[in-house]
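Colleague: structure of the sequence below:
(chains A, B, C and D)
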Protein chains: 2
Amino acid sequence: MNDTRRRRVPRPVREQQIIDAAIRVFAKRGYHAASVDEIAELAGISKPMIYLYLDSKEGLFIACLRREAARLVAAFQDAAGHAPSPELRLRAGLLAFFTFVTEHRDSWVVLHRQASELSPAIAAELTQARRAVMAEVAGLVRVGIVESGGPAQAGEQDADFVTYALVGAADSLTDWMAKHPDEPPERITLRLMNMVWVGMRNVLGGEVWAPAEDG
Amino acid sequence: MNDTRRRRVPRPVREQQIIDAAIRVFAKRGYHAASVDEIAELAGISKPMIYLYLDSKEGLFIACLRREAARLVAAFQDAAGHAPSPELRLRAGLLAFFTFVTEHRDSWVVLHRQASELSPAIAAELTQARRAVMAEVAGLVRVGIVESGGPAQAGEQDADFVTYALVGAADSLTDWMAKHPDEPPERITLRLMNMVWVGMRNVLGGEVWAPAEDG
DNA sequence: CAGTAAACTTACTGACCAGTAAGGTTAAGG
DNA sequence: CCTTAACCTTACTGGTCAGTAAGTTTACTG
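Modeller: Residues are numbered from 1 along each chain as shown, chains lettered A, B, ... in the order given. Here you go, the predicted model:
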């Protein structure tokens, strides 16, 4: 039992431990219902340390957001960066996303829109993180549209629309994953690509869904 | 000025006024940050009335949830109930949804997943409402799959998947709407149908998106 | 083995807020 | 007009919790 119960840990390490604990508590209770005391206890530390290192409850939450958002965006970019075509990049990015959510469920819960009841500073942080992801996706979609023969300039608004739909779908499929724990991220990714990419190509290619007026 | 500042309003009317005010405050602040005092003030009434009529803060929130969820589900069902084909029913339902969100933005914000930090009773209520909508959509999707020539039994899990993706997309497009206030619900509905329904048909019809290995 | 700075603690306070006790006021029916 | 019940209020309490003051302990450094 050398340093398993190590007291007196250097600041950078403690900060990460505090953030680890905070993510678990914020995920479980939500921002307002979470108490700093509970986070301190889970981190195995006393409350003033949190205020010394992270300033305030809001500062602590922002630190959680920043760290996990950076991790998620990095996972997406690393995965998407190396594939040769936009389709494959999107596939790789989505796979990285679903894998991240599987492996860091609490982080995802914290990132996943608690925005409504938060202070402007926090809301801005969340918006920032979401925008980064959306921009990434939108870029791929836009290129995909152009390469699929879509109009280069009309793609602007259309790409944005598709991106919102796609991100929202991925978002929601997160819940579907929880109901089907044995379904691997790969299969989910493939299914979603099937739905969205094929549909998108058809839409941009002019194959329009018509109301098919009854008669 | 007959009864514009009517005092002494009968209970059922007051209850609705209280719920109206509560929805606005809950939407603005979120459940925990909202104070009953503020709701009471906005409703033009004193706090004990809320406790007399709605029992508790939680009871008040549940009342909001129930009323607005019922309205949303009703709008969806009324719209979807009369069209002849599943495609048209889904189209009508989505249109009703986007219209509802446009016209009752606060209600939508309240319904729109604050579930994480809520008591079990409230979370159950929200889950209930969401399940009702999902079941409605899933039914349409399932019929649509079968009518599009998909496998009758394999449709079970697939329909669920498509439903999650579709609901999530609609959900997220809600934010897109906020960025494009001049875009009418009709166009949004059409675009989404284009993306999802066409894509879904292709998936079920065996037209699979292939990774298209590079070379 | 000092001296010192970083790491850490106990024990508080002040504000906010859900919920309530105790009673005041007006409409509606006799 | 008088009763009664529905409607409504002022003024409080008790608990929770973010944030802090003041001091203690351990590890590193010369």
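Colleague: who in chain A is up against DNA strand D?
Modeller: Taking Cβ under 7 Å from any atom of the strand as the contact definition, chain A meets DNA strand D at A:7-8, A:33-37, A:47-48, A:51, A:56-58. In short, each C-beta sits where N, CA and C put it, glycine included.
Colleague: now the longest helix along chain A: average pLDDT?
Modeller: In chain A, with assignment by DSSP state H, the single longest helix is helix A:120-147. For helix A:120-147, mean pLDDT is 79.
Colleague: okay, now the unreliable bits of chain A?
Modeller: Low-confidence segments of chain A (pLDDT under 70): A:1-6, A:113-118, A:148-155, A:199, A:201-215.
Colleague: quick one: the helices in it?
Modeller: With helices called from DSSP H, chain A shows them at A:11-29, A:36-43, A:47-54, A:57-80, A:86-103, A:105-111, A:120-147, A:155-179, A:185-204.
Colleague: can you list the residues of chain A near DNA strand C?
Modeller: Residues of chain A lying near DNA strand C (Cβ under 7 Å from any atom of the strand): A:7-11, A:14, A:45-49, A:52.
Colleague: buried ones among those?
Modeller: Among these, the ones that count as buried by 16 or more other Cβ atoms under 10 Å in any protein chain shown are A:14, A:45.
Colleague: most widely separated two among the residues of chain A next to DNA strand C?
Modeller: Spanning the widest gap among the residues of chain A next to DNA strand C are A:P10 and A:K47, at 19.5 Å by Cβ to Cβ.
Colleague: on that earlier part again, okay, the residues of chain A next to DNA strand C in a markdown table with distance to A:A83 next?
Modeller: Shown next, in a markdown table, are the residues of chain A next to DNA strand C (distance: Cβ to Cβ, whole Å):
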| residue | distance to A:A83 |
| --- | --- |
| A:R7 | 47 |
| A:R8 | 46 |
| A:V9 | 40 |
| A:P10 | 40 |
| A:R11 | 39 |
| A:R14 | 39 |
| A:I45 | 43 |
| A:S46 | 48 |
| A:K47 | 47 |
| A:P48 | 48 |
| A:M49 | 44 |
| A:L52 | 45 |
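Colleague: of all the residues of chain A next to DNA strand C, which comes closest to chain B?
Modeller: A:K47 (20.1 Å; Cβ to the nearest Cβ).
Colleague: wait, doesn't the closest one sit right on A:V36?
Modeller: Yes: the criterion here is Cβ atoms under 8 Å, and A:K47 meets it with A:V36 at 5.8 Å.
Colleague: now stretch A:171-186: buried residues?
Modeller: Of the residues in stretch A:171-186, those buried (16+ other Cβ under 10 Å) are A:171-174, A:176-177, A:183, A:185.
Colleague: return that stretch as PDB; C-alpha atoms alone will do.
Modeller: C-alpha atoms of stretch A:171-186 as PDB (Å, rounded to 0.1, in the frame of the first residue of the first chain):
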ATOM      1  CA  ASP A 171     -28.400  12.900 -30.500                       C
ATOM      2  CA  SER A 172     -31.600  11.000 -30.200                       C
ATOM      3  CA  LEU A 173     -30.200   7.700 -31.200                       C
ATOM      4  CA  THR A 174     -28.100   8.000 -28.100                       C
ATOM      5  CA  ASP A 175     -31.200   7.000 -26.200                       C
ATOM      6  CA  TRP A 176     -31.900   4.200 -28.600                       C
ATOM      7  CA  MET A 177     -28.400   2.900 -27.800                       C
ATOM      8  CA  ALA A 178     -29.300   2.800 -24.200                       C
ATOM      9  CA  LYS A 179     -32.200   0.600 -25.000                       C
ATOM     10  CA  HIS A 180     -30.100  -1.700 -27.200                       C
ATOM     11  CA  PRO A 181     -26.800  -2.100 -25.300                       C
ATOM     12  CA  ASP A 182     -25.600  -5.000 -27.500                       C
ATOM     13  CA  GLU A 183     -25.900  -3.000 -30.700                       C
ATOM     14  CA  PRO A 184     -22.300  -1.900 -31.600                       C
ATOM     15  CA  PRO A 185     -21.600   1.700 -32.600                       C
ATOM     16  CA  GLU A 186     -20.600   0.400 -36.000                       C
END
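Colleague: what about it and chain B, any contact?
Modeller: Yes: counting by Cβ under 8 Å from any Cβ of the partner chain, chain B has neighbours in stretch A:171-186: A:171-173, A:175-176, A:179-180.
Colleague: same list, those, but as TSV with distance to B:A63 please.
Modeller: Output for those, formatted as TSV (distance: Cβ to Cβ, whole Å):
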residue	distance to B:A63
A:D171	28
A:S172	27
A:L173	31
A:D175	26
A:W176	30
A:K179	29
A:H180	34
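Colleague: please name the nearest non-neighbouring residue to A:L42.
Modeller: Nearest residue to A:L42 in three dimensions, chain neighbours excluded: A:A21, at 4.1 Å (Cβ to Cβ, 6 or more residues apart in numbering or on different chains).
Colleague: which ones are touching A:A129?
Modeller: Shown in contact with A:A129 (Cβ atoms under 8 Å, 6 or more residues apart in numbering or on different chains): A:65-66, A:69, A:72-73, A:111.
Colleague: just flag the most distant two among those.
Modeller: A:L65 and A:V73 (11.8 Å).
Colleague: looking at these two, which is more packed in?
Modeller: Neighbours per residue (other Cβ atoms under 10 Å in any protein chain shown) separate A:L65 from A:V73, with A:L65 holding more: 22 against 16.
Colleague: ok, now which ones touch that one?
Modeller: Counted by Cβ under 8 Å, 6+ apart, A:L65 has contacts A:110-111, A:122, A:125-126, A:129.
Colleague: between those, which is nearest B:K28?
Modeller: A:I122 (15.3 Å).
Colleague: can you list the residues of chain A next to DNA strand D in a markdown table and add distance to chain B?
Modeller: Formatted as a markdown table, those follow (distance: Cβ to the nearest Cβ, whole Å):
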| residue | distance to chain B |
| --- | --- |
| A:R7 | 33 |
| A:R8 | 34 |
| A:A33 | 5 |
| A:A34 | 8 |
| A:S35 | 12 |
| A:V36 | 15 |
| A:D37 | 16 |
| A:K47 | 20 |
| A:P48 | 24 |
| A:Y51 | 21 |
| A:S56 | 16 |
| A:K57 | 13 |
| A:E58 | 12 |
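Colleague: lovely, talk soon.
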